[in-house]
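Q: need a structure here:
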Amino acid sequence: MSHRKFEHPRCGSLGFSPRKRCRRGRGKVKSFPRDDSAKPAHLTAFIGYKAGMTHIVRDVEKPGSKLHKKETCEPVTIIECPAMVVVGVVGYIKTTRGLRSLNAVWAQHLSDDLKRKFYKNWYKSKKAAFKNYAKKYDGKKIEAELAQLKKHCSVIRVLAHTQVRKLHWGQKKPQLIEIQVNGGSISDKVDFGYKL
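A: Take a look at the predicted model:
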């Protein structure tokens with residue numbers, strides 16, 4: 001606006017500045033809800049994909065407003081949420097510098113979709129990820145690791161991945177996320193995550 005002769009109100013909100021491409025495609029969970037041990041064990045997050053937008057007509061329930069008990073048209077976002085698959089459990093212990101991961105227990109059988117996540121070039125790779133890890137299930141190593149999580153950890157999170165192939169938009173590599181388990185005791189949380 002270097003050559004404007006008269007004043008002019010600015011265009012666009014400064015609340016959304018700087019308008020640039022996002023740093024990460026998948027949103028990061030900055031903080032999970034506060035844990036309440038009185039409630040049963042449950043997950044605290046989920047991943048959905050924006051499918052598009054539409055509009056709805058709804059009745060407004062807002063006493064004092066001009067639109068009270070009248071219909072209004074509003075834009076809405078449609079979010080598609082294909083079922084997620086839990087593939088592991090992670091335990092964290094509290095230290096003076098915050099949380100530190102103690103151990104992660106992965107599932108015995110992982111889908112090829114998830115194994116894509118661990119390779120840059122899938123079709124050239126040997127597809128051998130987690131082949132040796134599955135041998136842990138022959139003995140009692142997995143039970144020992146779960147017992148270690150129950151004994152020492154203060155925060156339990158599950159590793160879950162999306163089924164992005166069901167969206168039919170060309171992407172095959174899923175997104176992997178940690179979801180905190182809240183409610184119940186630590187033992188309940190570990191059992192809940194392991195059964196999923």
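Q: Next SSE downstream of the helix or strand containing E74?
A: Using DSSP states H and E, E74 sits within strand 71-80. Using DSSP H and E, the helix or strand that follows strand 71-80 in sequence is strand 85-95.
Q: quick one: average confidence on that following strand?
A: The average of the pLDDT scores along strand 85-95 is 95.
Q: Ok, stretch 152-164 next?
A: 95.
Q: got a list of contacts for it?
A: With Cβ atoms under 8 Å, 6 or more residues apart in numbering as the test, stretch 152-164 has contacts from 43, 47, 49, 82-94, 99, 102, 104, 106, 113-114, 117, 149, 171-181, 186, 189-190, 193, 196. Using the backbone N, CA and C atoms, a C-beta is placed for each residue, glycine as well.
Q: With just CA atoms, put it into PDB.
A: Presented in PDB, the C-alpha positions along stretch 152-164 are these (Å, rounded to 0.1, in the frame of the first residue of the first chain):
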ATOM      1  CA  HIS A 152       7.300 -48.800  36.500                       C
ATOM      2  CA  CYS A 153       5.300 -46.600  34.200                       C
ATOM      3  CA  SER A 154       3.000 -43.600  35.000                       C
ATOM      4  CA  VAL A 155       1.700 -42.900  31.500                       C
ATOM      5  CA  ILE A 156       0.500 -45.500  29.000                       C
ATOM      6  CA  ARG A 157      -0.100 -44.700  25.300                       C
ATOM      7  CA  VAL A 158      -1.100 -46.900  22.400                       C
ATOM      8  CA  LEU A 159       0.400 -46.800  18.900                       C
ATOM      9  CA  ALA A 160      -2.300 -46.700  16.300                       C
ATOM     10  CA  HIS A 161      -2.300 -46.200  12.500                       C
ATOM     11  CA  THR A 162      -5.000 -45.000  10.100                       C
ATOM     12  CA  GLN A 163      -6.400 -47.000   7.200                       C
ATOM     13  CA  VAL A 164      -5.800 -44.400   4.600                       C
END
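Q: quick one: buried residues of it?
A: C153, V155, I156, R157, V158, L159, A160, H161, T162, V164 (16 or more other Cβ atoms under 10 Å).
Q: Relative to the strand holding E74, what are the paired strands and their orientations?
A: If you go by DSSP bridges, strand 71-80 pairs up with strand 49-59 (antiparallel).
Q: relative to strand 85-95, how tilted is the helix ranked longest in the chain?
A: As assigned by DSSP state H, the longest helix anywhere in the chain is helix 141-152. Angle between the axes of helix 141-152 and strand 85-95 is 40 degrees (criterion: axes from the mean of the first three to the mean of the last three Cα atoms, to 10 degrees).
Q: Show me which residues of helix 141-152 are buried.
A: I142, E145, L146, L149, K150.
Q: Nearest to Y123 among the residues you listed?
A: I142 (31.3 Å; Cβ to Cβ).
Q: Per-residue confidence, the spatially closest residue to that closest one that is not a sequence neighbour, what does it come out as?
A: Sequence neighbours aside, K136 is the residue nearest to I142 in space, at 5.6 Å (criterion: Cβ to Cβ, 6 or more residues apart in numbering). Looking at K136, its pLDDT reads 88.
Q: Please consider this matter closed, and thank you.
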